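**Q** Just to be clear, the model below is a prediction. Sequence and coordinates:
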Amino acid sequence: MSKLISRNYMLIECEVSSLLTKNMKKGVTVAGIISCAAIFVYLLFIAHAVISTSLVHRINERRYFNKSFEVLHKFDRERGFDLSRRLPKLSTNSYLENDGKELSRGDLDQNKRENATLLMLVRNWELEGALKSMRSLEDRFNRNYNYDWTFLNDVPFDDAFIEATSAMASGNTYYGLIPSSDWDKPSFIDEEELESNLQLMQEKGVIYGGSKSYRNMCRFNSGFFFRQTLLDKYQYYFRVEPEVEYYCDFPYDPFEVMRKQRKKYGFVISMYEYEDTIPTLWDAVEEFMADQPEMVDFDTNSYDFITDDSMIGLEMPIIQSNSNYNLCHFWSNFEIGDLSFFRSEKYLKFFEHLDKKKGFYLERWGDAPVHSIAVALLLRQDEIIHFDELGYYHIPFGTCPSAHNIRLQQRCICDPNAESNIDVKAHSCLARWWKSGGGKYFMKHKSSSTGT
C-alpha cells in the first residue's frame with residue numbers, strides 16, 4: 001500500500017513539473033504558475049482521498065474477515081464445525097456432559113439413536129406444508145440422527161405425498177391409515193345434539209367451533225394416536241405439524257435428554273386456552289380426581305401450575321377463569337413425549353373418563369389442555385422438561401432463545417423481541433411454569449442434578 005501511495009504522488013509531481021516547465025518556456029506569468037500550483041495541490045488532495053478510501057476498505061475487509069474467523073472459531077465446540085472440510089458435524093452442547101469426541105459424517109449413521117420417531121398427523125393436500133416442516137427439522141436436527149418419520153392420515157396417502165416425503169426424510173418413512181373407529185365420532189354422541197352445539201359455538205365465534213373434523217383430530221390426539229400399530233415399536237415421539245419452523249440448530253438430541261434424565265413430557269411454549277372451548281372440562285377433571293385419588297399425588301405433581309392464578313410480578317393474569325383451572329396448557333403442536341405414559345393405566349383411565357363426558361364433541365375440548373392437565377396431575381414435576389434452547393414457530397406464536405450467545409451458537413434465525421415471540425408476553429404461561437411448575441434451570445444444571 002505504501003508503494004502505491006509513493007508511486008501515485010511521483011506521477012502527480014512529474015505531471016505538474018512538466019506543466020510548469022512548459023509554461024515557463026512560454027513566458028507565463030506568476031499567476032499562471034500559481035494556477036499550476038493550485039492544480040498540483042488539488043490533484044494531491046484527490047489522490048490522497050482515493051488512496052485513503054482504498055486503504056480504509058482494505059483495513060475493514062481484513063477486520064471483517066478476522067471478526068468472522070474469530071466468531072466461527074469461538075463457537076467451534078458448540079457448533080461442531082469442521083473448518084478444514086467446511087462440513088457440519090454432529091453438534092455438541094455446552095449444557096450437556098460430553099467427552100468431546102467429534103464425529104465425522106461417516107460415523108453418524110453408526111451412532112446409536114434412541115427408540116423414537118418423528119410423528120406427523122397430516123392430510124394429502126397439506127404436502128407443501130409438511131415438506132416445509134420436514135425440511136426445517138431435517139436441517140436443524142434430524143440430518144445428524146436420521147430418526148424415522150411416521151405419518152398418519154384418516155384417508156390413504158397418495159403416491160405424490162409418499163414420494164415427496166420419502167425423498168425429504170433422512171430416516172425411514174412409514175405411513176399409517178387411521179381406523180375409522182379411532183377417528184370418527186363415537187356412537188354415544190347424538191348427531192342432532194352435536195349439530196345444535198356446532199351451530200351455537202359457531203355463532204359465538206368460538207375458534208373451530210363449527211368444525212367436526214377438528215373435533216375428530218382433538219379426540220384422536222387425546223386418546224388414540226399412541227394406539228396406532230406403527231407406533232408400537234417406539235418409546236418416544238416428537239410431534240411435528242405442517243407449516244412450522246425450527247429457528248435454531250438443536251444443540252443436543254432431545255430424545256437422549258428424555259431418556260437420560262427420565263423425562264416423560266417436553267414442551268417449548270405454554271399459554272392460556274380459550275375457555276369457551278372447554279367450559280366443563282375442569283368439572284370432569286375434578287370428578288376424576290375424586291374417583292381416582294390414588295392416581296394423583298399432589299406432593300410431587302404440577303397441580304399448582306394449572307390452578308395458581310395469583311399475580312406474577314406486578315401483573316395479574318389477563319385471562320379470568322370461571323373454574324379452579326387457570327387455563328394454562330402446553331402448546332401440543334410441539335411436544336416430545338414418552339409413549340409409555342400415554343399407554344399407562346393412569347392416562348387411559350383419565351382419557352376414558354373425559355371421553356364419556358362427551359366434551360370433545362358437544363364442546364370443543366382440545367388435545368393441548370387434555371395432555372397438559374394429565375401431565376400436570378399424573379406425572380411428577382421433575383418428569384416434565386421445558387426445552388428452552390429450542391427455537392420454534394407455529395403461526396401465530398414462536399419462541400426464540402433470549403441469550404445472544406445461544407442464538408449465535410445455534411445459528412438461530414429469530415428475534416427474541418419480535419411480537420410473535422410469546423415467552424414473556426402477558427398471554428404466556430411460561431412465567432407461571434417457572435413459579436409454580438418446574439422452575440427455570442439451565443440444561444447443564446439439570447444434567448448435573450441427575451448424574452448423567
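**A** Now that the structure is in, tell me what you want to look at.
**Q** tell me the mean pLDDT for stretch 161-173?
**A** For stretch 161-173, mean pLDDT is 96.
**Q** for stretch 396-404, same thing?
**A** 93.
**Q** That one: which residues count as buried?
**A** Within stretch 396-404, the residues that qualify as buried are 397-401, counting by 16 or more other CB atoms under 10 Å. Just so you know, the C-beta spots here come from the backbone N, C-alpha and C atoms, and that holds for glycine as well.
**Q** Likewise for stretch 347-366?
**A** 347, 350-351, 353-355, 357-366.
**Q** which two in the residues you listed are spaced the farthest apart?
**A** Y347 and L362 (22.4 Å; CB to CB).
**Q** So which of the buried residues of stretch 347-366 sit within helices?
**A** 347, 350-351, 353-355, 359-362 (DSSP state H).
**Q** would TSV of the residues you listed with distance to Y325 and pLDDT be doable?
**A** Formatted as TSV, these follow (distance: CB to CB, whole Å; pLDDT from 0 to 100):
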residue	distance to Y325	pLDDT
Y347	18	99
F350	15	98
F351	17	99
H353	16	98
L354	13	98
D355	18	98
G359	13	98
F360	17	98
Y361	20	98
L362	18	98
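**Q** Tabulate the residues you listed (TSV), appending distance to F40.
**A** Output for these, formatted as TSV (distance: CB to CB, whole Å):
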residue	distance to F40
Y347	91
F350	93
F351	92
H353	97
L354	93
D355	95
G359	92
F360	90
Y361	93
L362	95
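**Q** ok, and the closest non-adjacent residue to G176?
**A** Among residues not flanking G176 along the chain, L230 sits closest, at 4.3 Å (CB to CB, 6 or more residues apart in numbering).
**Q** Next, that neighbour: secondary structure please.
**A** helix (DSSP: H, G, I helix; E, B strand; the rest coil).
**Q** show me what contacts it?
**A** L230 makes contact with 150, 152, 174, 176, according to CB atoms under 8 Å, 6 or more residues apart in numbering.
**Q** can you tell me how far it sits from Y174?
**A** Look at L230 and Y174: by CB to CB, to the nearest Å, they are 5 Å apart.
**Q** what residues are shared contacts of these two?
**A** Shared contacts of L230 and Y174, counting by CB under 8 Å, 6+ apart, come down to T150.
**Q** Poorly predicted segments of the chain, please.
**A** Along the chain, segments meeting pLDDT under 70 span 1-33, 35-36, 43, 47-50, 52-54, 56-58, 60-111, 313-320, 438-452.
**Q** Try it again at 50.
**A** In the predicted model, the chain carries pLDDT under 50 at residues 4, 78-110, 442-452.
**Q** which of the residues in stretch 330-343 are buried?
**A** 330-339, 341-342.
**Q** Do me a favour and get the end-to-end distance for it?
**A** By CA to CA, to the nearest Å, the extent of stretch 330-343 from end to end equals 20 Å.
**Q** any idea how far that stretch is from the chain center?
**A** 16 Å (CA atoms, centre = their mean, to the nearest Å).
**Q** all helices of the stretch 151-300 of the chain, in order?
**A** Remark: helices assigned in the stretch 151-300 of the chain by DSSP state H, counting those that start in this stretch are 159-168, 180-183, 191-203, 212-223, 254-260, 281-291.
**Q** In JSON lines: these, plus mean neighbour count and distance to S323.
**A** Shown next, in JSON lines, are these (neighbours: other CB atoms under 10 Å; distance: least, CB to CB, whole Å):
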{"stretch": "helix 159-168", "mean neighbour count": "14", "distance to S323": "42"}
{"stretch": "helix 180-183", "mean neighbour count": "13", "distance to S323": "30"}
{"stretch": "helix 191-203", "mean neighbour count": "13", "distance to S323": "18"}
{"stretch": "helix 212-223", "mean neighbour count": "20", "distance to S323": "19"}
{"stretch": "helix 254-260", "mean neighbour count": "21", "distance to S323": "32"}
{"stretch": "helix 281-291", "mean neighbour count": "17", "distance to S323": "4"}
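**Q** Would you mind measuring from the residue nearest to G176 to V240?
**A** Plainly put, L230 is 15 Å away from V240 if you go by CB to CB.
**Q** same question, I385
**A** Following CB to CB, the distance that separates I385 from V240 is 18 Å.
**Q** More neighbours: which of these two?
**A** Under the neighbour definition other CB atoms under 10 Å, I385 and V240 were set side by side, and V240 has more, 24 against 20.
**Q** If we ignore the residues flanking it in sequence, what's nearest that one?
**A** M120 (4.8 Å).
**Q** and that neighbour, backbone torsions?
**A** phi -130, psi 120 (degrees, to the nearest 10).
**Q** Would you agree it is in contact with P242?
**A** Yes. Between M120 and P242 there is a contact at 7.3 Å, judged by CB atoms under 8 Å.
**Q** Common neighbours of these two, please.
**A** 130, 133.
**Q** is it true that S436 touches N301?
**A** No. Contact criterion CB under 8 Å: S436 and N301 do not qualify, at 11.3 Å.
**Q** re the thing from before, how about the helices of the stretch 151-300 of the chain in CSV, adding distance to H427?
**A** As requested, the helices of the stretch 151-300 of the chain are exported to CSV (distance: least, CB to CB, whole Å):
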stretch, distance to H427
helix 159-168, 34
helix 180-183, 31
helix 191-203, 21
helix 212-223, 21
helix 254-260, 25
helix 281-291, 19
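**Q** ok, back up a step: among the buried residues of stretch 330-343, which pair sits farthest apart?
**A** W331 and L339 (19.5 Å).
**Q** Could you measure from the nearest residue to K435 once chain neighbours are set aside over to F305?
**A** Spatially, and ignoring its direct neighbours in sequence, K435 is nearest to I312 (6.2 Å; CB to CB, 6+ apart). As judged by CB to CB, I312 and F305 stand 12 Å apart.
**Q** Show me which of those two is the more surrounded one.
**A** Each of I312 and F305 has its neighbours counted (other CB under 10 Å); F305 has more, 25 against 18.
**Q** and that one, what does it touch?
**A** Contact analysis of F305 by CB under 8 Å, 6+ apart lists 328, 376, 429, 432-433, 436-437.
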